[in-house]
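Q: No sequence on hand, only this structure:
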Ligand SMILES: O=c1[nH]c(=O)c2nn[nH]c2[nH]1
């Protein structure tokens, strides 16, 4: 047998950084969870119990904190590229570095109608995710993501005209609840180095991708999850030139009608349906990647 592939590092490195504007007294906070994984000439650590090549995972953790102190961690794409560049440049035997950063939401409180200078709340489990791979002399690949953004619309969604056969029981519907948990990803062109990354408006792209996703979800007269998610991907490609492809993974979180006619003929189906049973499982799961022609 042989070692066919290996990478290792520290996962779940939690990081908080505050920027304190001395003039205005306004604090800005960012919280991230970082994972770094290194590839390179490390096989003897696995095959010969030789720890010589091992940049310890604890060393990787310490490095994350030091570089977070010395460099910007916002946008997370830039911090990921900074970390990847450091590991590949610092250790001759390390030839690639994978970095994943999850950024959590601390939204500034509005108190008495005014943004509070140093108080924040966690408005939802939605996360912003960055996955990067820095390869020695090959630049840095970056994918940005939105995950766990739970949405629902109470109408504006239909599903009819689908294939029917002897296994089909699902009735067609022209008006249904649509709920999903957005997982959206956009893959950037390969950047040649960390300096090229510094010039990119990643935060603006994240805002555009999020706004486009919510607007199309809300406004599309949806024929299916498939049709609506394709429109989202098309629009992001149109709006963000440096993005090469966009993908979505959307669970269809079903809300079933409840027939209450057994109770004194109570009408609660079709156009009379107002009380529904949200379903934890099973769920539809729809994948889509939209690329430039
Ligand atoms: O939007 C939908 N797409 C599907 O493929 C599907 N299958 N059942 N319900 C569905 N809804």
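A: Yep, that arrived. The structure presented is a predicted model; accordingly, all values stated were derived computationally and were not measured. Numbering: from 1, shown residues only.
Q: For the rest of this, base every contact and every neighbour count on C-alpha atoms.
A: Fine.
Q: State the phi and psi torsions of the closest residue to residue 240 other than its chain neighbours.
A: Once flanking residues are discounted, residue 240 sits nearest to residue 205: 6.7 Å by C-alpha to C-alpha, 6 or more residues apart in numbering. With angles defined as degrees, to the nearest 10, residue 205 sits at phi -70, psi -40.
Q: Do I have it right that residue 205 meets residue 242?
A: No: with contacts counted by C-alpha atoms under 8 Å, residue 205 stays clear of residue 242, the gap being 9.6 Å.
Q: Compare these two (neighbour count), which wins?
A: Per other C-alpha atoms under 10 Å, whichever of residue 205 and residue 242 has more neighbours is residue 205, with 19 against 15.
Q: What's the separation between that one and the ligand?
A: 27 Å (C-alpha to the nearest ligand atom, to the nearest Å).
Q: Up against the ligand, what does the stretch 151-293 of the chain have?
A: 159, 224-225 (C-alpha under 6 Å from any ligand atom).
Q: Repeat the analysis, applying 8 Å as the threshold.
A: Contact residues (C-alpha under 8 Å from any ligand atom) of the stretch 151-293 of the chain with the ligand: 158-159, 170, 223-227, 252, 284, 286.
Q: now, which of those residues lie within helices?
A: 225-227 (DSSP state H).
Q: Can you pick out the most distant pair from the residues of the stretch 151-293 of the chain next to the ligand?
A: 170 and 227 (18.8 Å; C-alpha to C-alpha).
Q: Tell me the one among the residues of the stretch 151-293 of the chain next to the ligand nearest to residue 276.
A: So of those, ranked by how close each gets to residue 276 (C-alpha to C-alpha), first place is residue 252, at 15.4 Å.
Q: what about the residue lying closest to the closest one once chain neighbours are set aside, neighbour count?
A: Spatial nearest neighbour of residue 252, excluding adjacent residues (C-alpha to C-alpha, 6+ apart): residue 284 at 4.4 Å. Around residue 284 there are 12 other residues, counting by other C-alpha under 10 Å.
Q: I'd like to know how far the residue nearest to residue 240 sits from residue 77.
A: For residue 205, the distance to residue 77 (C-alpha to C-alpha, to the nearest Å) stands at 11 Å.
Q: Can you give me the neighbour number for the nearest residue to residue 21 once chain neighbours are set aside?
A: Spatial nearest neighbour of residue 21, excluding adjacent residues (C-alpha to C-alpha, 6+ apart): residue 27 at 6.1 Å. Under the neighbour criterion other C-alpha under 10 Å, residue 27 is assigned a count of 15.
Q: measure stretch 125-142 end to end?
A: Where stretch 125-142 starts and where it finishes are 23 Å apart, if you go by C-alpha to C-alpha.
Q: Please shift the residue numbers so they start at 15 in all later answers.
A: Right, with 15 as the first residue, what we last looked at is stretch 139-156.
Q: What residues of it count as buried?
A: For stretch 139-156, burial by neighbour count (16 or more other C-alpha atoms under 10 Å) applies to 140-150, 153-156.
Q: Which members of the residues you listed occur in helices, if any?
A: Assignment to helices by DSSP H places none of the buried residues of stretch 139-156 there.
Q: Out of those, which are close to the ligand?
A: Within the buried residues of stretch 139-156, nothing lies near the ligand by C-alpha under 8 Å from any ligand atom.
Q: Among the residues you listed, which pair sits farthest apart?
A: Maximum pairwise distance among the buried residues of stretch 139-156 (C-alpha to C-alpha): 32.9 Å, between 140 and 150.
Q: Tell me which residues are up against stretch 155-162.
A: With C-alpha atoms under 8 Å, 6 or more residues apart in numbering as the test, stretch 155-162 has contacts from 91, 139-148, 195-205, 220, 224.
Q: now the strands for the protein?
A: 22-34, 41-54, 108-118, 121-125, 128-135, 141-149, 153-167, 192-202, 257-266, 269-271, 290-292, 298-305 (DSSP state E).
Q: With respect to residue 231, which of those lies nearest?
A: Residue 231 sits nearest to strand 153-167 of all these, at 8.1 Å, using C-alpha to C-alpha.
Q: Name the residue in residue 184 and residue 241 with the higher neighbour count.
A: residue 241 (13 against 10).
Q: ok so, going back, among the residues of the stretch 165-307 of the chain next to the ligand, the buried ones, what's the ChimeraX command?
A: The buried subset of these, as determined by 16+ other C-alpha under 10 Å, is captured in ChimeraX by this line:
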select :172,173,237,239,266
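Q: okay, the residues of the stretch 165-307 of the chain next to the ligand in a markdown table with pLDDT next?
A: A markdown table is the format used below for those (pLDDT from 0 to 100):
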| residue | pLDDT |
| --- | --- |
| 172 | 98 |
| 173 | 98 |
| 184 | 97 |
| 237 | 98 |
| 238 | 98 |
| 239 | 98 |
| 240 | 98 |
| 241 | 99 |
| 266 | 98 |
| 298 | 98 |
| 300 | 98 |
